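Peer 1: what follows is a protein structure lacking sequence information:
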């Protein structure tokens with residue numbers, strides 16, 4: 001079941017998506033999907049290549065930017081920001097729980113007025129973001 005949370009008018013986040021979710025995601029109007037989850041993190045997780053191929057068949061771009069849980073680095077923030085700059089919105093980013101994607105957004109973008117405002121928004125949505 002999809003649990004999409006809106007960060008901005010052009011970016012939403014979700015826990016792991018499945019192949020069966022892609023049609024609904026496309027029907028919701030998303031134009032780009034960003035995967036922040038590495039392949040093989042869990043046995044039941046679909047491969048990014050398969051999700052990407054199916055996304056493109058539905059008219060959505062698919063960007064793979066795997067990030068290791070608990071090991072996000074400065075380069076990850078830069079790459080996420082660059083992906084958002086080139087992606088056609090609206091964008092849906094996903095990982096296991098949505099927290100990695102949200103952490104990348106809080107620390108890697110200039111959305112809203114400040115990092116503190118992004119952090120407060122993320123917390124209000126139920127995310128626990130570490131410094």
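Peer 2: Yep, it's here. This is a predicted model, so every value here is computed, not measured.

Peer 1: quick one: secondary structure of the residue of the chain positioned farthest from its centre?
Peer 2: Distance from the C-alpha centroid of the chain, by Cα atoms, centre = their mean, peaks at residue 113 (20.8 Å). Under DSSP: H, G, I helix; E, B strand; the rest coil, the three-state class of residue 113 is coil.

Peer 1: pLDDT value on it, please?
Peer 2: pLDDT, residue 113: 94.

Peer 1: check the one 10 residues further on too.
Peer 2: The pLDDT attached to residue 123 in the predicted structure is 97.

Peer 1: counting neighbours, what do you get for it?
Peer 2: For residue 123, the count of nearby residues is 13 (other Cβ atoms under 10 Å). For glycine as for every other residue, the C-beta is placed from the backbone atoms N, C-alpha and C.

Peer 1: secondary structure element for it, which one?
Peer 2: Using DSSP states H and E, residue 123 falls within helix 115-124.

Peer 1: and residue 63, by the same measure?
Peer 2: Short version: residue 63 belongs to strand 61-64, going by DSSP H and E.

Peer 1: which residues are in contact with the longest helix along the chain?
Peer 2: Using DSSP state H, we find that the single longest helix of the chain is helix 74-86. By Cβ atoms under 8 Å, 6 or more residues apart in numbering, the residues outside helix 74-86 that reach it are 10-11, 34, 36, 63, 65, 67, 91, 93, 104-105, 107-109.
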